[in-house]
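Asks: Let's see this in three dimensions:
(3 chains)
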Amino acid sequence: MDIFEGLNPAQVAAVEHTTGPLLIMAGAGSGKTKVLTCKIANLLAQGVAPYNILAITFTNKAATEMRERVDRMIGPKAKDVWLSTFHAFCARFLRREIEALEGYKHNFVIYDSSDSQTVIKTCLRELNLDEKQYTPNSIQAAISNAKNTLQGPRAFEQSADNFFKEKVSDVYKLYQKKLRANNALDFDDLLMITVVLLEEHQDICAKYQARFKYIMVDEYQDTNGAQYQLTKLLAAQHHNLCVVGDADQSIYGWRGADIRNIMDFEKDYPEVQTIKLEQNYRSTKTILAAANAVIENNIDRKPKELWTENAGGEKITSYLANDERDEAQFIATTVMKQKTIFNSSFGDIAILYRTNAQSRVLEEGFMRAGIPYTMVGGLKFYDRKEIKDIHAYLRVIFNPADTVSLMRIINVPKRGLGDATIAKMNEFAAMNDMTLFDVVSNPAQVPGLTARVKKPLEIFAEFVFKMMAYQDNLSVHDLIDRVMNESGYIAELESEKKPENETRLENLKELLSVAKDFEKGDEIPNLENFLSQVALVSDIDNANLEEDRVTFMTLHSAKGLEFPIVFIAGMEEGLFPHSRTLMNESELEEERRACYVGITRAERKLYLTNARGRMIYGHTVSYPQSRFLSEIPEEYMERLVVRQNAYGFANSSVVQQRGYGSAFRPSVQMQQASGHGTITTPVMQQTGTAIRPDTNVNWHVGDKAKHGKWGTGTVVSVRGSGEEVELKIAFPGQGIKGLMQKYAPISKE
DNA sequence: ATACCTGCTTTTTTT
DNA sequence: AAGCAGGTAT
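Replies: The predicted model follows:
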């Protein structure tokens, strides 16, 4: 077969290029996946051995897809190409090599962010730091940031130039020590430790450098410092590094992705050849023109204009809803129309939104309309309590040093081991340099343990040992089955009469079938690989988008996908762009790129919706339409608006066309009834700042403050400034309350 | 040891 | 609105 068939000249050039660094600037829908697969096929066809090729993708799903496509072109050789995400690559690498580093063992477990947050909380407690002042979230972000820029605990300590960072540094050190004691790595460690290992062990590094003669990295604009360094190290010998990306689609800056990695690629590799793919094969002229018009508003950007030979297509439809439920209903009825009148398949349709919280109302609308859908993300399968519990059992069986997991299950199902008992054992473990599991399996010397606790401990330890012995002889599926049943977990769910237990049991069945599927896969189906996979797959990897269902997901999850019909919901200032980005120009530009990504997912038809008012944190707020919506020229738009009846309520079955130039200005103020009279929700500024309580008010000690619930009180202290003003207010008969000005429903009396 | 209640905080996006 | 930590009652 001809590898070059159906490629345009730029694509051919990209595929033909094999030696030396290559930068492919690939616009949305320009066929970059095709180019990458053809490149791999071409290399294999030229006789390059599959294990000499390393290809990094952004999701596991993309990796699998690419492998299948190469397979179809060139045959089973494709199986031996190293093709995975950065994180999966590092996990695989470290399973083989990590013991070169002091203190780690090959059977490490991978902690997700909630596991790592648990560890951070114990660190904070041990260091006597106030969780209110040093929130686990902010500490976690700071540590993650450090790791993404390859700052280990020592380097971080050196650079800590303020009080907060010094505290973070203390936590970071302890956190890292604990991970090591648990024989665990977090997501960021996978990358950082890999780089450290390669840098410290020349022999190992040389081995892999020699091996990977050809390296390709997709979505290069979303690589962070650690990933950048890793790529650079691996490519240092052969220099055959091909990176593909689109700076306009960089949307992971908040995760440490550094857009400079792609912008400065030419500086890093002066001999680089650059190829631009600017012809779009995906979208209509209208959709592309809208996308171009939006992205042009970014200042920090190299100019680029995608073009297409596709038809002009339909106008983009916008809809101004009354509230989020009306928005959901509009989307549902429009989807129904697409299905019945235009004969679209549900599978052709995607609903995109900025925040996961938006999905709920949309789901309700679809349920009411009886439209089948699948949701990507949100409460992830592996984040559900019952799945995490069983998963914790498996981790303890695999790596008994994993105390975080052990703590999770030691009394689940209930076996009469309470806080007091566990605290005593933990203390004993710490004093004697043992792991908690060491103590659990040998509790005799622990002082102060009551007799009635010994029996359940013995039974529990025996159970874990038994399962450990099984792990080499049983399939993962059978092991899980035994864990669920013999631990008493299932029995507890069945005996309790809680309504949610039914779905929990369903989910556990689902876990069993996940294990069955895993055993059919390419990898050796042992517990080690199962645990790695569970830790590193994302929802998008598992989503079955082939079925005849509408897909719900965030804009971020949608990257790399395409759909004939796309809805983007919540086109409002404060939601998209999100309020937390409005103060910061570069974050705002990242929002705009997310919008660009969203628009360019659409092939045929795009709908953009916003609402006059919507519930956020239990309050109704009113946001003006998103600036991104305003940035699309009128000529590409068809605007609809819900008709309001005399009382200002929507009659949502009726939609009227909105005339040009008469774009509805949402009311800037909303009134809300309450037992204490009328509260005015904050006023939207003309500049488009997010709604929030008025932080312009200056509070002083002695001021009288009126609170929605507590009535009138006197300010007794004012701390902090700007966004962070914290007030203490004495309310007669109700004591002194601490309030954050930005959240509290207070006004000056 | 555990179930229940109350009051408070709030993640935007994810490997 | 809703999840969660912390406290209290069983």
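
Asks: On the pLDDT front, check the closest residue to DNA strand C within the stretch 1-150 of chain A for me.
Replies: Residue nearest to DNA strand C within the stretch 1-150 of chain A (Cβ to the nearest atom of the strand): A:Glu131, separated by 6.4 Å. The C-beta positions use only the backbone N, C-alpha and C, and glycine is treated the same way. At A:Glu131, the predicted lDDT confidence score is 81.

Asks: backbone phi and psi for it, please?
Replies: phi -70, psi -20 (degrees, to the nearest 10).

Asks: For it, give its distance to A:Asn343.
Replies: Taking Cβ to Cβ, to the nearest Å as the measure, A:Glu131 falls 56 Å from A:Asn343.

Asks: Compare neighbour counts for the two and give me the winner.
Replies: Neighbours per residue, other Cβ atoms under 10 Å: of A:Glu131 and A:Asn343, the larger number sits with A:Glu131, 12 against 7.

Asks: What are the buried residues along stretch A:579-588?
Replies: By neighbour count on 16 or more other Cβ atoms under 10 Å, the buried set for stretch A:579-588 is A:Ser579, A:Thr581, A:Leu582, A:Glu587, A:Leu588.

Asks: Just to be sure, the last one is in a helix?
Replies: When you say that, I think you mean A:Leu588. Yes. Applying DSSP: H, G, I helix; E, B strand; the rest coil, one finds A:Leu588 inside a helix.

Asks: Contact partners for it?
Replies: Going by Cβ atoms under 8 Å, 6 or more residues apart in numbering, A:Leu588 touches A:Pro577, A:Thr581, A:Leu582.

Asks: what comes into contact with stretch A:338-347?
Replies: Under Cβ under 8 Å, 6+ apart, the answer for stretch A:338-347 is A:335, A:349, A:371-373, A:545-551, A:564-565, A:605.

Asks: hmm, 10 Å instead?
Replies: Under the criterion Cβ atoms under 10 Å, 6 or more residues apart in numbering, residues A:335-337, A:348-349, A:366, A:371-374, A:544-551, A:563-565, A:604-605, A:607 lie in contact with stretch A:338-347.

Asks: Tell me the buried residues within those residues.
Replies: A:335, A:348-349, A:366, A:371, A:373-374, A:549-551, A:563-565, A:604-605, A:607.

Asks: For chain A, give the residue positioned nearest to DNA strand B.
Replies: Distance from DNA strand B to each residue of chain A (Cβ to the nearest atom of the strand) is smallest for A:Gly418, at 1.7 Å.

Asks: so that residue makes contact with A:Met425?
Replies: No. If you go by Cβ atoms under 10 Å, A:Gly418 and A:Met425 don't touch, sitting 11.4 Å apart.

Asks: Beyond the helix or strand A:Thr333 falls within, next helix or strand please.
Replies: Remark: A:Thr333 resides in helix A:324-340, with elements defined by DSSP states H and E. With elements assigned by DSSP H and E, the helix or strand that comes after helix A:324-340 is strand A:349-353.

Asks: Partner strands of that next one, with direction?
Replies: Its sheet considered, strand A:349-353 pairs with strand A:550-554 (parallel), strand A:563-568 (parallel) by DSSP bridges.

Asks: now for the helix or strand that comes right after that strand, which elements pack on it?
Replies: Counting by DSSP H and E, the next helix or strand C-terminal to strand A:349-353 is helix A:359-369. Judged by 3 or more Cβ pairs under 10 Å, 6 or more residues apart in numbering; DSSP states H and E, the packing partners of helix A:359-369 are helix A:324-340, strand A:349-353, strand A:373-375, strand A:550-554.

Asks: So is the first one next to DNA strand C?
Replies: So that's helix A:324-340. No. Judged by Cβ under 7 Å from any atom of the strand, helix A:324-340 stays clear of DNA strand C, getting no closer than 11.2 Å.

Asks: Pull out the buried positions in that helix.
Replies: A:324-335, A:338-339.

Asks: Which strands or helices does the strand or helix carrying A:Ile143 pack on?
Replies: Counting by DSSP H and E, the element that carries A:Ile143 is helix A:136-148. Under the contact criterion of 3+ Cβ pairs under 10 Å, 6+ apart, helix A:136-148 touches helix A:113-126, helix A:153-159, helix A:163-181, strand A:184-186, helix A:187-200, helix A:225-234.

Asks: right, is that helix up against DNA strand C?
Replies: No. Helix A:136-148 does not reach DNA strand C (Cβ under 7 Å from any atom of the strand); its nearest approach is 8.6 Å.

Asks: Specify the angle between that helix and helix A:113-126 in degrees.
Replies: Here helix A:136-148 runs at an angle of 110 degrees relative to helix A:113-126 (axes from the mean of the first three to the mean of the last three Cα atoms, to 10 degrees).

Asks: quick revisit: show me the contacts of A:Leu588 that map onto strands.
Replies: Assigned to strands by DSSP state E, none of those qualify.

Asks: Which one of those is nearest to A:Leu511?
Replies: A:Thr581 (37.2 Å; Cβ to Cβ).

Asks: tell me the mean pLDDT for stretch A:403-414?
Replies: 90.

Asks: State the pLDDT value of the closest residue to DNA strand C within the stretch 351-500 of chain A.
Replies: As assessed by Cβ to the nearest atom of the strand, DNA strand C sits closest to A:Arg360 within the stretch 351-500 of chain A, at 7.6 Å. A:Arg360 is assigned a predicted lDDT (pLDDT) of 89.

Asks: quick one: it from A:Met434, how far?
Replies: For A:Arg360, the distance to A:Met434 (Cβ to Cβ) stands at 46 Å.

Asks: quick one on the thing from earlier: how much distance is there from the helix holding A:Ile143 to the middle of the chain?
Replies: 15 Å (Cα atoms, centre = their mean, to the nearest Å).

Asks: where in the stretch 601-749 of chain A is pLDDT low?
Replies: By pLDDT under 70, the low-scoring segments of the stretch 601-749 of chain A are A:643-749.

Asks: Get me the contact residues on it for DNA strand C.
Replies: Residues of the stretch 601-749 of chain A lying near DNA strand C (Cβ under 7 Å from any atom of the strand): A:Met615, A:Tyr617, A:Gly618.

Asks: Sitting in strands, which of those residues do you find?
Replies: Counting by DSSP E, those contribute A:Met615 to strands.

Asks: near DNA strand B, from the residues of the stretch 601-749 of chain A next to DNA strand C?
Replies: A:Tyr617, A:Gly618.

Asks: Which of the residues of the stretch 601-749 of chain A next to DNA strand C sits closest to DNA strand C?
Replies: A:Gly618 (2.8 Å).

Asks: roughly how far apart are the closest one and A:Pro624?
Replies: Distance from A:Gly618 to A:Pro624, by Cβ to Cβ: 21 Å.

Asks: send the alpha carbons of stretch A:590-609 over as PDB?
Replies: C-alpha atoms of stretch A:590-609 as PDB (Å, rounded to 0.1, in the frame of the first residue of the first chain):
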ATOM      1  CA  GLU A 590      -5.500  30.600  27.700                       C
ATOM      2  CA  GLU A 591      -9.300  30.800  28.100                       C
ATOM      3  CA  ARG A 592      -9.500  32.100  24.600                       C
ATOM      4  CA  ARG A 593      -7.500  29.200  23.400                       C
ATOM      5  CA  ALA A 594      -9.800  26.900  25.100                       C
ATOM      6  CA  CYS A 595     -12.600  28.600  23.200                       C
ATOM      7  CA  TYR A 596     -10.700  28.200  20.000                       C
ATOM      8  CA  VAL A 597     -10.300  24.500  20.800                       C
ATOM      9  CA  GLY A 598     -14.000  24.200  21.400                       C
ATOM     10  CA  ILE A 599     -15.000  25.900  18.200                       C
ATOM     11  CA  THR A 600     -12.700  23.900  16.100                       C
ATOM     12  CA  ARG A 601     -14.100  20.600  17.300                       C
ATOM     13  CA  ALA A 602     -17.100  21.300  15.100                       C
ATOM     14  CA  GLU A 603     -17.300  19.900  11.600                       C
ATOM     15  CA  ARG A 604     -20.700  21.100  10.300                       C
ATOM     16  CA  LYS A 605     -22.700  23.000  12.900                       C
ATOM     17  CA  LEU A 606     -21.900  25.000  16.000                       C
ATOM     18  CA  TYR A 607     -24.300  26.200  18.700                       C
ATOM     19  CA  LEU A 608     -23.200  28.600  21.400                       C
ATOM     20  CA  THR A 609     -25.500  29.200  24.400                       C
END
